[in-house]
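build me a model:
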Amino acid sequence: MPKAKVAVTLSTEILRELDALIAEQRFPNRSQAVEMALAEKLERLSHARLAREAAKLDPVEEKALAEEGMGVEIAAWPEY
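Model prediction:
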């Protein structure tokens, strides 16, 4: 995947912690540490969005839609 350079401003405390992680060889360098942190945060945000959208669904309406057209077969299904 192609990469682009960006300038990022960090607090001195965050930079100090980041450099400590690099010194411990938890990350190879600052760029990769920041890239990995951003990728993880974006992944979490996308899952949070899915959860928010799912929370908007009406369970009663969803059940009715799922059962639509099942006719007499529905009696054979377990209650949920």
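
for the rest of this, base every contact and every neighbour count on C-alpha atoms.
Will do.

quick one: secondary structure of L10?
coil (DSSP: H, G, I helix; E, B strand; the rest coil).

tell me the pLDDT at it?
Turning to L10, the model gives it a pLDDT of 95.

gap between it and N29?
15 Å (CA to CA, to the nearest Å).

who's more crowded, the two?
Per other CA atoms under 10 Å, whichever of L10 and N29 has more neighbours is N29, with 14 against 9.

look up the closest residue to that one, ignoring the ones flanking it.
Closest residue in space to N29, ignoring its immediate chain neighbours: I22 at 6.0 Å, by CA to CA, 6 or more residues apart in numbering.

state the pLDDT value of that neighbour.
97.

contacting residues for it?
P28, N29, R30 (CA atoms under 8 Å, 6 or more residues apart in numbering).

so the last one touches D19, yeah?
Yes - R30 is in contact with D19 according to CA atoms under 8 Å; the separation is 7.3 Å.

more crowded one of the two?
For R30 versus D19, neighbours defined as other CA under 10 Å are more numerous around D19 (17 against 14).

how close does that one get to E40?
19 Å.

tabulate the contacts of I22 (TSV), appending distance to S46, pLDDT and secondary structure.
As requested, those are exported to TSV (distance: CA to CA, whole Å; pLDDT from 0 to 100; DSSP: H, G, I helix; E, B strand; the rest coil):
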residue	distance to S46	pLDDT	secondary structure
P28	27	96	coil
N29	26	97	coil
R30	24	96	helix
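
next, count neighbours for A37.
If you count neighbours by other CA under 10 Å, A37 ends up with 12.

where does it land in three-state SS?
Applying three-state DSSP: A37 is helix.

hey, C-alpha coordinates of the helix or strand bottoming out on mean pLDDT in the chain in PDB?
Among the helices and strands of the chain, helix 59-67 carries the lowest confidence by mean pLDDT, DSSP states H and E, at a mean of 85. In PDB, the C-alpha atoms belonging to helix 59-67 read as follows (Å, rounded to 0.1, in the frame of the first residue of the first chain):
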ATOM      1  CA  PRO A  59     -36.300  -5.900  17.900                       C
ATOM      2  CA  VAL A  60     -40.000  -6.400  17.500                       C
ATOM      3  CA  GLU A  61     -40.000  -5.100  13.900                       C
ATOM      4  CA  GLU A  62     -36.900  -7.100  13.100                       C
ATOM      5  CA  LYS A  63     -38.500 -10.300  14.400                       C
ATOM      6  CA  ALA A  64     -41.700  -9.600  12.400                       C
ATOM      7  CA  LEU A  65     -39.600  -9.100   9.200                       C
ATOM      8  CA  ALA A  66     -37.700 -12.300   9.900                       C
ATOM      9  CA  GLU A  67     -40.800 -14.300  10.300                       C
END
